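here is a sequence together with a model predicted from it:
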Number of protein chains: 2
Amino acid sequence: MYKEINKYVSKCISISEQELAYFNSLLKYKKVKKKVILLKAGDVCDFEIYIIKGCIRVFYIDENGIEVDLFFAVEDWWVSDLASFSQRTPAKLFIQTLEESELLFIDFKSKEKLFAKIPSFEKLFRLMLQRTNETLINRLISNISKPAEERYKEFIKKYPTISQRVPQHLIAAYLGISAEFLSKIRKRLSKK
Amino acid sequence: MYKEINKYVSKCISISEQELAYFNSLLKYKKVKKKVILLKAGDVCDFEIYIIKGCIRVFYIDENGIEVDLFFAVEDWWVSDLASFSQRTPAKLFIQTLEESELLFIDFKSKEKLFAKIPSFEKLFRLMLQRTNETLINRLISNISKPAEERYKEFIKKYPTISQRVPQHLIAAYLGISAEFLSKIRKRLSKK
DNA sequence: AAAAAACATTGAACTAGTTCAAGAAATCGT
DNA sequence: ACGATTTCTTGAACTAGTTCAATGTTTTTT
């Protein structure tokens, strides 16, 4: 039994010990080194990952080879390329560990079994989806309407731990600015 | 019975005539004039709207009073402020008709009844959510990594009808650029 | 059909953010 | 503890996009 994830699940839906045990039996535990690519674009993503410990980035590489960071995830978060996972199509995204991480994997078939056996998990995943949605909308809004300095301040305010664990040039790629410019922003802020 | 929405639903999930009839009984039809505000930030959004006919925008107004257009929707699309709707919290978004529109409304309680009575609708709404998610991710990627001209070209390619029905300055607000700059881009493109 | 309102274009001056190149600082693997 | 790789900073020259103000065009209202 994996206590972290069980706590996570219990917070969102009401569930019995037995059901939790079944859920846990579907998970695969893996300890993964730093900088390991867990998914590369083109492959079908056959997992959703829950992070017990560690840090992961999800990113996209555009036609010019430029990396855009979409998400950083740490303890108690989930990551996946959901479009690929749920439609069994080739992934557009890359997923990579940034630190040595302890992860729980659930694959497509297991998730289907889970939904069939314990329908309340549908709700859990729908809630997760809804939260992702909101986050994306907020991010889109600030990307469209706010200057880089504000976006950076928002970021460190919202994700204080992440901003210390993730290298700066990746944060720049997340904010949609060059690493150099982020450095200049930081200088400007430190002077105040 | 509303044939358009029934066709939409039947495409996504398998459903009986009887069930469709029940679903239709929960919908409220409204014909709405041009430029009517259907939701304003601060109110709780108690509807999801299916568009039979017409055109709608969803937008955000930031601290400086600047409008950011998040979605344009036309026939056979749904709109709502989902965060507000599903958590019964004050909306952050505005929803407004751009043309005279024929709409179907479903409210929170009716949606709950619907899910209770016909669980396959859960799947339908989850699929819709997933699609929204993908769209948002793609949009974020292009907003972060592509220059305005490309974003505009992508937009007219992806939404050829919308780009002709929606005023240009709103498209600019959607792309995250000034109306003037969009005008300059269009001039540039027309010369080629 | 005229007047008003909303929408689109243009140019000039400006600013936020980029690119390139080089060097400094930190961290990693053995 | 070392060199090697990765990360961070800085400045100079540049470019994409903004703002403002004025003018032109289309659509709506009466």
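Yep, that arrived.

wasn't A:Ile56 part of a strand?
Yes. Under DSSP: H, G, I helix; E, B strand; the rest coil, A:Ile56 sits within a strand.

what sits against the closest residue to it other than its chain neighbours?
Closest residue to A:Ile56 apart from its sequence neighbours, by C-beta to C-beta, 6 or more residues apart in numbering or on different chains: A:Ala73 at 4.8 Å. For every residue, glycine as well, the C-beta is placed using N, CA and C. In this structure, A:Ala73 makes contact with A:Ile51, A:Cys55, A:Ile56, A:Arg57, A:Val58, A:Val79, judged by C-beta atoms under 8 Å, 6 or more residues apart in numbering or on different chains.

ok, now A:Leu27?
Per C-beta under 8 Å, 6+ apart, neighbours of A:Leu27: A:Tyr2, A:Ile5, A:Tyr50, A:Leu104, A:Phe105, A:Ile106, A:Ser110.

burial count for the fourth one?
Applying other C-beta atoms under 10 Å in any protein chain shown, we find 20 other residues in the vicinity of A:Leu104.

over to the first one?
The criterion is other C-beta under 10 Å. On that basis, A:Tyr2 has 17 neighbouring residues.

ok, now the fifth one?
Neighbour count of A:Phe105, defined by other C-beta under 10 Å: 17.

a helix runs through it, doesn't it?
No. Counting by three-state DSSP, A:Phe105 is not found in a helix; it is strand.

DNA strand D versus that one, what's the distance?
25 Å (C-beta to the nearest atom of the strand, to the nearest Å).

and that residue, what is it in contact with?
Per C-beta under 8 Å, 6+ apart, neighbours of A:Phe105: A:Leu27, A:Lys28, A:Tyr29, A:Lys30, A:Phe47, A:Glu48, A:Ile49.

with the last one instead?
Neighbour list for A:Ser110: A:Leu26, A:Leu27 [criterion: C-beta under 8 Å, 6+ apart].

which secondary structure element contains it?
helix A:108-117 (DSSP states H and E).

still on that earlier bit, closest to chain B out of the contacts of A:Leu27?
Minimum distance to chain B across these is 16.7 Å, recorded for A:Ile106 (C-beta to the nearest C-beta).

quick one: average pLDDT of the longest helix belonging to chain A?
The longest helix of chain A (DSSP state H) is helix A:120-145. Averaging pLDDT along helix A:120-145 gives 94.

can you give me the buried ones in it?
A:121-122, A:124-126, A:128-130, A:132-134, A:136-137, A:139-145 (16 or more other C-beta atoms under 10 Å in any protein chain shown).

cool, thanks, talk later.
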